[in-house]
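> Provided below for reference: sequence and predicted model.
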Amino acid sequence: MPPRPIKQLPECAVDAVNHTLGNLHTKARSTMKRSAICSLLATAVLCTASHASDAGSASIPAPEDRPYPGRIELTVDATDLAHRVLRVHERISGIAPDTVLLYPKWLPGNHAPTGPIQRLAGIRISAAGTPVAWRRDASDMYAFHLQTPAGADTVDIDFDYLSPTSAKIDPLEISRELLVLDWNSVVLYPAGYFVRQISVSAGVRLPAQWSYASALTAAGTGPGEQRFAPVNLETLVDSPLFAGQYSARYELDTDSAAPVHLDLFADRPELLATKPAHIAAYTSLVQQARWLFGARHYAHYDFLYALSDQVAGKGLEHHQSSEDISDPDSFTDWDKSGAGRDLLGHEFTHSWNGKFRRPADLATPNYNVPMGDSLLWVYEGQTEYWGNVLTARAGLWNRQQALDQLAMVAAYYESQAGRQWRSLEDTTNDPIISHHQPAPWTDFQRRRDYYMEGLLIWLDADTLIRERSRGARSLDDFARAFFGVNDGRVGVQTYTRDDVIRALNAVEPFDWARFLDQRLDGVGQPAPLDGLRRGGYRLVYTDTPSAFQKEEDGKLKLTDLRYSLGCAIDNKGGTLSSVAWDGPAFKAGLTEGQQILAVNGIAYNSDVLSDAVRSAQGGKAPIELIVKAGDRFIVVKLDYTGGLRYPHLEKMGTGPALLDEILTARKN
């Protein structure tokens, strides 16, 4: 029996004691040595003394579900485009003498403590014109203790949000033509309350002649300022704002009960040129989602969509909007932009899966309570599945593009080295472990695989339901029953793993607990490709990449030889962008970041390397590279003669296949 946790000491002492007891327990508690006990108690005493001197963290009140007695008036001045600085003013009423202000740390959709606290500067706080002293909590860098004067119940706060000035620092949020405003970046809020119990009146000052879009409701203007109707802090943070010099707006759903708009912003006006067929495809996306889920959980919805290579590409879900940024030529070069066209389908699906139905351990009362990521294989994995399916059903992808994308996903997981030691379930911790930082050995470390491997698991489940029910039922039925309840409700309904299993059994009785356990918790298992086989396709390799892969590699500006040499190379300069663990390049001693200068004595370019791989097929001579590794130049010999290998899906048998049915548009 494990040791009983000690509860009476401060948290740091509890952690130290319990950790030591746990280690001793595993070595046999009966042989505990006096020195170990003394060390344990000393640690507890020292931690207790340290904690006593740190009154700050002890006095941060836990959030309670009660109305905050005041409100926040927030104004953001976004006119300093030259320096990419946001000037923030807050007036917070209802302040108590011992008020603690928090800066959002755990951001919804990030699944990690990524609040950009390092960007706050120039903090000045006053009450009735008198400066108010503040100090940062000694243990929690996101908490600020105020020393308000007696009788003061309102404070004014001014600070600067220093948005990144170049991509070397972080992805850009502001350019000369565009602004992406996430309200969580520019607000301090009182501790001790659920954020949905804190009222906020927000406004923004934008450059002259700029327009904006947001899920917020406009409520009057001041001199150069747009105000919004008061909302609670949870709704504000869930309602980002896009603004810019060049924009266009399209109606995708004219239903007055729940209208949907596509709000486009661009670096240049000519990038906003669209064709009726483009808008019709996004209109179809909205319709196919409505038919799939059978209910809507938004009063209105805005796709905030920027076409830019200035501000950073991203996709982030919200309940009644999404933040979407992709290549500037996504519309003007439509036929070559299919590779990223599933973005809006993914983020739109999140309105149902992730925002309305939310994993219980992600539904936290405020932005400074740690989140749990255990169900991201549903939150993100099933969203990835539906995002791709809806993209195909809407006609944003043709069937071949959808199949080619699946082939690339399947090939990656079929060859992934990290499957031998790390479970998919454990990858749900990756946002917290890595904070989304790059990794040197992605396929061995296993990063956010709950997305794409999660997609394969849900394809597996869908085809299994269809096969067992002889086509009478599918995962569509699960989506409608699980996410499509309470039509019109804009709120949060939580779920657990057991809830998912019960809902699957209600659609098709089966041992779904075992099905998920095998795929989520096991290690050393083959990639979950049964959904492809059951769907009527198999994974094969040829010496020619699919059109979809060519397009994706072209946008990423890389040569992907992952399934031959075991590496991918940045076309600009020949730098290795990734090396597969234990592949030919790995065995030759190559690593990410090294630069290929020559191939078999010829100056490097992607065609020269591909030709060398093709020429070596079936032979015995290695491929010889000259590589720059730091300040050294080395000769590397690659013992690989298998030729070029690119993934494809090959249909088995004749006639319609289950996968074809899944990708076919519904006609509800």
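Structure's in. What do you need?

> low-confidence ranges in this protein?
Low-confidence regions of the chain, defined by pLDDT under 70, span residues 1-58.

> domains in it, by residue range?
Taking automatic domain parsing as the domain assignment, the ranges for the chain are 11-53, 56-245, 373-537, 547-646.

> now those in a markdown table, with distance to Thr364 and mean neighbour count?
Backbone N, C-alpha and C define where each C-beta goes, glycine included. Written out in a markdown table, the entries for those read as follows (distance: least, CB to CB, whole Å; neighbours: other CB atoms under 10 Å):
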| stretch | distance to Thr364 | mean neighbour count |
| --- | --- | --- |
| domain 11-53 | 18 | 14 |
| domain 56-245 | 7 | 18 |
| domain 373-537 | 11 | 19 |
| domain 547-646 | 34 | 17 |
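
> now render these as a markdown table, adding distance to Ser351.
As requested, the domains of the chain are arranged in a markdown table below (distance: least, CB to CB, whole Å):
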| stretch | distance to Ser351 |
| --- | --- |
| domain 11-53 | 37 |
| domain 56-245 | 11 |
| domain 373-537 | 9 |
| domain 547-646 | 26 |
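
> can you tell me the SS state at Asp373?
Reducing the assignment at Asp373 to three states with DSSP: H, G, I helix; E, B strand; the rest coil gives coil.

> mind listing the helices for the stretch 351-500 of the chain?
Assigned by DSSP state H, counting those that start in this stretch, the stretch 351-500 of the chain shows helices spanning 376-379, 381-393, 399-414, 424-427, 430-434, 442-445, 452-468, 475-483, 497-507.

> for Phe633, grab phi and psi.
Its backbone dihedrals place Phe633 at phi -120, psi 130, with angles given as degrees, to the nearest 10.

> now it: how far from Ile596?
Using CB to CB, to the nearest Å, Phe633 is found at 11 Å from Ile596.

> overlap of the contact sets of the two?
Ile626, Val627 (CB atoms under 8 Å, 6 or more residues apart in numbering).

> let me have the helices of the stretch 351-500 of the chain in CSV, extended by distance to Lys336.
Shown next, in CSV, are the helices of the stretch 351-500 of the chain (distance: least, CB to CB, whole Å):
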stretch, distance to Lys336
helix 376-379, 31
helix 381-393, 16
helix 399-414, 12
helix 424-427, 32
helix 430-434, 32
helix 442-445, 26
helix 452-468, 23
helix 475-483, 31
helix 497-507, 38
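
> mind checking which of those helices is nearest Ile569?
helix 442-445 (15.2 Å; CB to CB).

> what about the closest one, distance to the chain center?
Taking the mean of its C-alpha atoms, helix 442-445 sits 18 Å from the chain's own mean (CA atoms, centre = their mean, to the nearest Å).

> so what touches it?
So helix 442-445 is in contact with Tyr412, Ser415, Gln416, Ala417, Gly418, Arg422, Ala439, Ser578, Ala580, Trp581, Asp582, going by CB under 8 Å, 6+ apart.

> cutoff 6 Å now
Outside helix 442-445, the residues within contact range by CB atoms under 6 Å, 6 or more residues apart in numbering are Gln416, Ala417, Gly418, Ala439, Ala580, Trp581.

> same deal with stretch 600-612?
The list of residues contacting stretch 600-612 from outside it, by CB under 6 Å, 6+ apart, reads Thr559, Asn571, Gly574, Ile596, Leu597, Ala598, Val599, Ile623, Glu624.

> and for stretch 510-519?
For stretch 510-519, the external contacting residues (CB under 6 Å, 6+ apart) are Ile457, Ile501, Leu504, Asn505, Pro528.

> ditto for stretch 217-225
Here stretch 217-225 has contacts from Gly203, Arg205, Arg227, Phe228, Ala229, using CB under 6 Å, 6+ apart.
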